[in-house]
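In: the following comprises the amino acid sequence and a computationally predicted model.
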Amino acid sequence: MEGTILNFRLSRHNKNQNQVIVEVDGIVSREDAKKLIGKKVILEINGKKKIGKVMRPHGNKGRVLVRFRSGLSGYVLMKKVIIED
């Protein structure tokens, strides 16, 4: 499966740079997004692979919250990710 990074997880005063919101192709509801919890997410930047994990659904449109081990730069916004089964 493929997805697109939409934004970082934000609050009023903080931006969590290791947590991003991902829109997955073909997933349109919260119930479908719950099936992705625990899946591995791979982001490739400049030949290096960053590994993340789907933590929970975000909203009712099928988007998910993905947590990476290290912080990411703003360069990753709108980049494609691969979700492995």
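Out: Alright, I've got the coordinates.
In: which residues sit in contact with residue 23?
Out: By Cβ atoms under 8 Å, 6 or more residues apart in numbering, the contact set of residue 23 is 3-4, 6, 61-63. Placement of C-beta: from N, CA and C, glycine included.
In: repeat the analysis, applying 6 Å as the threshold.
Out: 3-4, 6, 63 (Cβ atoms under 6 Å, 6 or more residues apart in numbering).
In: any of those buried? List them.
Out: Buried by 16 or more other Cβ atoms under 10 Å: 3, 63, out of the contacts of residue 23.
In: in strands only, show me the contacts of residue 23.
Out: With strands taken from DSSP state E, the overlap with the contacts of residue 23 comprises 3-4, 6, 63.
In: got JSON lines for the residues you listed, with pLDDT and distance to residue 82 too?
Out: Below are those laid out as JSON lines (pLDDT from 0 to 100; distance: Cβ to Cβ, whole Å):
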{"residue": "3", "pLDDT": "96", "distance to residue 82": "8"}
{"residue": "4", "pLDDT": "97", "distance to residue 82": "11"}
{"residue": "6", "pLDDT": "96", "distance to residue 82": "16"}
{"residue": "63", "pLDDT": "96", "distance to residue 82": "17"}
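In: re earlier: quick check, nearest of the contacts of residue 23 to residue 85?
Out: residue 3 (13.4 Å; Cβ to Cβ).
In: contacts only, for that closest one.
Out: By Cβ under 6 Å, 6+ apart, the residues touching residue 3 are 22-24, 81, 83.
In: re earlier: okay, the ones in strands among the contacts of residue 23 in JSON lines with distance to residue 50 next?
Out: Formatted as JSON lines, the ones in strands among the contacts of residue 23 follow (distance: Cβ to Cβ, whole Å):
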{"residue": "3", "distance to residue 50": "14"}
{"residue": "4", "distance to residue 50": "15"}
{"residue": "6", "distance to residue 50": "16"}
{"residue": "63", "distance to residue 50": "19"}
